[in-house]
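>>> Fold the stuff below for me.
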Amino acid sequence: MMNTANIPDTDTRAQFVRDGHLVVQTGLPDEFHQAVYAKIDEVFDKEGNVGNNILPRVPELQLVYDDPAVAGALQDLLGPGYIMNPHRHCHLNPAGNKGQSWHKDCYVFDHNLRHPRFRWVLALYYPQDTTADMGPTGVMPGQHWYRTISDPDPTKATEREEGLVGAAGTVSIVHFDAWHRATANTSD
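From the prediction side, this is the model:
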């Protein structure tokens, strides 16, 4: 049976359909996020980027996705019994990074963008407070419906950009077909 206690309201669902993303805050304590951040930092220091193995290397991350607010939103958007894709990559955006061009992620085993994935999402977790100067993921609200944009170069694109910022424990749920990019990290 579906747990409806933590499911987004109709306005939040409509915002996701319209804009292609929504923001959820976990109920986990600050100490949890600090510990996860420290463990991720340790993994990067000792092993480098572990690619899709971040969840096995930092199993505490599963608690983020099991959090009632996050699980409720995912269940509402994807349906009961949804599964997590094995692509679980931790993206590091160090100070001084210039950012990326606008792009859509490709589909495993199917690189044809004409095959949209309506029931796929990206769930971006921030274990630390993330501000605009830190180079968060940027999205083009509402452009997940379109195969092309004005220009992949962020300095030339005419569509609106929104940086996905938030306090530690923020999870941005983004439609898989959303145009997105790492923004420039201008922090110290």
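>>> how about the residue nearest in space to the middle of the chain, secondary structure?
The residue lying closest to the centre of the chain (CA atoms, centre = their mean) is residue 124, at 2.4 Å. Here residue 124 is strand, with the state taken from DSSP: H, G, I helix; E, B strand; the rest coil.
>>> Surely it touches residue 165?
No: assessed by CB atoms under 8 Å, residue 124 is found out of contact with residue 165, at 11.0 Å. (Each C-beta comes from the backbone N, C-alpha and C, glycine too.)
>>> Wait, a helix at residue 101?
No: under the criterion used here (three-state DSSP), residue 101 is coil, not part of a helix.
>>> That one: neighbouring residues, count only.
Neighbourhood size, residue 101 [other CB atoms under 10 Å]: 12.
>>> tell me the contacts of it?
Residues in contact with residue 101 (CB atoms under 8 Å, 6 or more residues apart in numbering) are 152-154, 181.
>>> From residue 10, how far off is residue 66?
Distance, residue 66 to residue 10, using CB to CB, to the nearest Å: 25 Å.
>>> Looking at those two, which is more packed in?
Counting neighbours by other CB under 10 Å for residue 66 and for residue 10 shows that residue 66 has the greater number, 11 against 7.
>>> distance of that one from residue 21?
Distance of residue 66 to residue 21, given as CB to CB: 21 Å.
>>> And residue 165, by the same measure?
The gap separating residue 165 from residue 21 is 12 Å, by CB to CB.
>>> same thing with residue 148?
Relative to residue 21, residue 148 is positioned 19 Å away (CB to CB).
>>> These two: who's more crowded?
residue 21 (24 against 10).
>>> what comes up buried for stretch 53-69?
Buried positions in stretch 53-69, judged by neighbour count with 16 or more other CB atoms under 10 Å: 54-55, 57-58, 61, 64-65, 67, 69.
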